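**Q** mind looking at a prediction? Sequence and model below.
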Amino acid sequence: MAEYRNIIVTGGAGFIGSNFAHWVVKNTDAHVTVLDALTYAGNRANLEGIPADRLTFVHGDICDADLVESLLAGSGMGAADAGAAGAADAPVDAIVHYAAESHNDNSIADPAPFVRTNVQGTFTLLEAAREHDVRFHHISTDEVYGDLALDDPTRFTEETPYRPSSPYSSTKASSDLLVRAWCRTYGVRATISNCSNNYGPYQHIEKFIPRQITNILCGRRPKLYGDGLNVRDWIHTEDHSRAVWEVLTKGRIGETYLIGADGERNNLEVLQAILERMGKDPEDFDWVRDRPGHDRRYAIDAGKLRRELGWSPIHTDFAEGLEATIRWYEENRSWWQAVKQVTEAKYAAQGQ
Ligand code: NAD
Ligand code: DAU
């Protein structure tokens, strides 16, 4: 099993990347260097609680080739937080690449930042990993496989052909292809994981579950797209973090691993579970304009990850995970309240 001393986590002040940073610090000895541009989706507060001697925070852009190069060459800590500790001196021995523009609705309204960060940014990191022979793990999504019909008996596997639908998923698919090519042509020691929909703490309130929870908490009605029957395959973000660590340390170079926890549910079911748990009438929501090109259903077969790497999810009770997530948003109003108005104004302008 590979051991890592200093891992760069790109996008580590966003939802899933910050959960991964917390997980690594809690469960391993590795030092974490977060590289994040702190776009509207990033929040330095997501890393609070991580001891200063385990974390270096670098405020910067993954498209900045000079910055990325200097981080891998060990001279780029000039952009780091003052509180960063000495363990960051260890050479970077892996990059776990979460940074992305991640929201489908935003990609439909304005795709340009998606092409820049998701494609150009991944290219920039791959070039640096090639130059310095650094292990590279790429975080991707099940959306690269397009969607399934509700009655399709199959699920996505590592062999499913790519068929992305949205500007977001097509840029993620493009980044996956870059990783595959850099691995085969230049020998970059890379792996890819494609995960299904995450839920849990620190998720931006533009996303489905936290949007509905925070709507209810501030007296707004939840909003459901289309006919509400679109299916997502939910996984708790901590199970995602554990799976990524397994792939990083035990995965075979050049391989792709799908991550999912058999959590298929339609949006109406999820929304009504939230309403019920928050003491509301199950019909107390608004139907709103559907997302253009809206993928119908995602479903992951994580058999390869389970068989080869021995991973299995811990958070198998969705009701319990949802309850804890609702509690987190109730108890952390200051984390989201300041951006609620602007997030909802954006949706209102789109008829959503
Ligand atoms: P997020 O939007 O919450 O966080 C993205 C982070 O990337 C933010 O902190 C942002 O500041 C940072 N970032 C954006 N552009 C950057 C740039 N140019 N340079 C440096 N940092 C930049 O996203 P998330 O939901 O945490 O998703 C993280 C990754 O996981 C993405 O690659 C996404 O495609 C993938 N993924 C997400 C899910 C999900 O359900 N959310 C599922 C599967 C895969
Ligand atoms: O499948 C993995 C993907 O999951 C990740 O790659 C993406 O980064 C992540 O954002 C997520 O994409 P989705 O588009 O599935 O997630 P979102 O939370 O935006 O929406 C989930 C479902 O809920 C989707 O069918 C659209 C619907 N929806 C969403 C919002 C915000 C609503 O019905 N109402 C809403 O207000």
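**A** It's in. It should be emphasised that the depicted structure is a prediction, and the values quoted were computed from it without experimental measurement. Ligands and ions are numbered 1, 2, ... in the order given.

**Q** show me what from the stretch 51-200 of the chain comes close to ligand 2.
**A** 102, 103, 104, 141, 142, 143, 196, 197 (Cβ under 6 Å from any ligand atom). No exception for glycine: its C-beta is placed from N, CA and C like everyone else's.

**Q** and for the second one, the neighbour number?
**A** I take that to be residue 103. Number of residues near residue 103 (other Cβ atoms under 10 Å) recorded here: 17.

**Q** secondary structure class for the spatially closest residue to it that is not a sequence neighbour?
**A** Once its chain neighbours are removed from consideration, residue 103 has its nearest residue in residue 206; the separation is 5.6 Å (Cβ to Cβ, 6 or more residues apart in numbering). Of the three states, residue 206 takes coil under DSSP: H, G, I helix; E, B strand; the rest coil.

**Q** just the element for residue 244, please.
**A** helix 237-250 (DSSP states H and E).

**Q** and the helix or strand following that helix, average pLDDT?
**A** Using DSSP H and E, the helix or strand that follows helix 237-250 towards the C-terminus is strand 256-259. Along strand 256-259, the predicted local confidence has a mean pLDDT of 99.

**Q** now swap in stretch 128-137 and tell me
**A** Per-region confidence: stretch 128-137 scores 98 on mean pLDDT.

**Q** give the buried residues for it.
**A** By neighbour count, with 16 or more other Cβ atoms under 10 Å as the criterion, the buried positions of stretch 128-137 are 128, 129, 130, 132, 134, 135, 136, 137.

**Q** how about stretch 146-154?
**A** Applying a neighbour-count criterion of 16+ other Cβ under 10 Å, the buried positions in stretch 146-154 are 146, 147, 148.

**Q** if you average the pLDDT over that stretch, what comes out?
**A** The predicted model gives stretch 146-154 an average pLDDT of 98.

**Q** strands along this protein, start to end?
**A** When assigned using DSSP state E, the strands of the chain occupy the ranges 6-10, 31-36, 55-59, 94-97, 135-141, 190-195, 198-199, 223-225, 231-233, 235-236, 256-259, 264-266, 286-288.

**Q** tabulate those (CSV), appending distance to residue 45.
**A** As requested, those are exported to CSV (distance: least, Cβ to Cβ, whole Å):
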stretch, distance to residue 45
strand 6-10, 16
strand 31-36, 12
strand 55-59, 11
strand 94-97, 21
strand 135-141, 21
strand 190-195, 24
strand 198-199, 19
strand 223-225, 26
strand 231-233, 27
strand 235-236, 21
strand 256-259, 26
strand 264-266, 30
strand 286-288, 30
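
**Q** could you dump those strands to CSV with distance to ligand 1?
**A** Conversion of those to CSV gives the following (distance: least, Cβ to the nearest ligand atom, whole Å):
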stretch, distance to ligand 1
strand 6-10, 6
strand 31-36, 4
strand 55-59, 9
strand 94-97, 7
strand 135-141, 4
strand 190-195, 4
strand 198-199, 4
strand 223-225, 16
strand 231-233, 9
strand 235-236, 8
strand 256-259, 8
strand 264-266, 14
strand 286-288, 21
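
**Q** before we move on, back to that, now for the helix holding residue 244, which elements pack on it?
**A** Based on contacts counted as 3 or more Cβ pairs under 8 Å, 6 or more residues apart in numbering; DSSP states H and E, the elements that helix 237-250 packs against are helix 15-27, strand 94-97, strand 135-141, strand 190-195, strand 198-199, strand 256-259, helix 303-309.
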